[in-house]
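Chemist: here is a sequence together with a model predicted from it:
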Amino acid sequence: MVFPKNTQSALGVINESLENFSSDSKYKKYRESADIIISSGGPLNVQIVSHAAAIKNLGMLRRLLKKQGILIATGLSELAIKKKDMEKQHFTIFSTHSVQAVKRKHKDEIDSMRPMYVIRKDK
């Protein structure tokens, strides 16, 4: 990314598991400071976590977002959370899309479309 001279980038990228990050002191530092979070796989996906764990993880991600912050949730499997789960945690579904899953390495595996949610924190 290129930024004009005499400006500072406010872009921060954290690339680690939610489990590791949430047990770190950085979690408290970043609470209610993120404008956008991209969750691709892992903490919200049905093949990785249970429904109960996905609900807990959604709450952890929510606490990192500023009011009106955006969470983009997608992955190679269906999400373990549904619209009602998002609404209970004061999210509004801003947009939904289907995205093509990554090409498989084995010819017998089927390519499929996966949902992608763009949701906004309301409170």
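Modeler: Received the coordinates, thanks.
Chemist: can you pull the contacts of the residue nearest the centre of the chain?
Modeler: The central residue of the chain, meaning the one whose C-alpha is nearest the mean C-alpha position (C-alpha atoms, centre = their mean), is Ser39 at 2.6 Å. The neighbourhood of Ser39, defined by C-beta atoms under 8 Å, 6 or more residues apart in numbering, consists of Leu18, Leu61, Leu71, Ile72, Ala73, Thr74, Gly75. Glycine gets a C-beta too; all of them are placed from N, C-alpha and C.
Chemist: what's the burial count for the second one?
Modeler: Leu61 has 23 neighbouring residues, counting by other C-beta atoms under 10 Å.
Chemist: shouldn't it be within a helix?
Modeler: Yes: read with DSSP: H, G, I helix; E, B strand; the rest coil, Leu61 is one of the residues of a helix.
Chemist: circling back: now do the SS call for the residue nearest to the centre of the chain.
Modeler: Secondary structure assignment for Ser39 (three-state DSSP): strand.
Chemist: do you know the pLDDT at it?
Modeler: Ser39 is assigned a predicted lDDT (pLDDT) of 88.
Chemist: quick one: the strands in the chain?
Modeler: Chain-ordered strands for the chain, with DSSP state E as the definition, fall at 34-40, 65-74, 91-100, 113-121.
Chemist: now for the ones you listed, which one comes closest to His51?
Modeler: Taking C-beta to C-beta, strand 65-74 is the member of the strands of the chain nearest to His51, at 14.3 Å.
Chemist: which neighbours in the sheet does that closest one have, and how are they oriented?
Modeler: strand 34-40 (parallel), strand 113-121 (antiparallel) (DSSP bridges).
Chemist: confidence-wise, which of the strands of the chain is weakest overall?
Modeler: Among these, strand 91-100 carries the lowest mean pLDDT, at a mean of 77.
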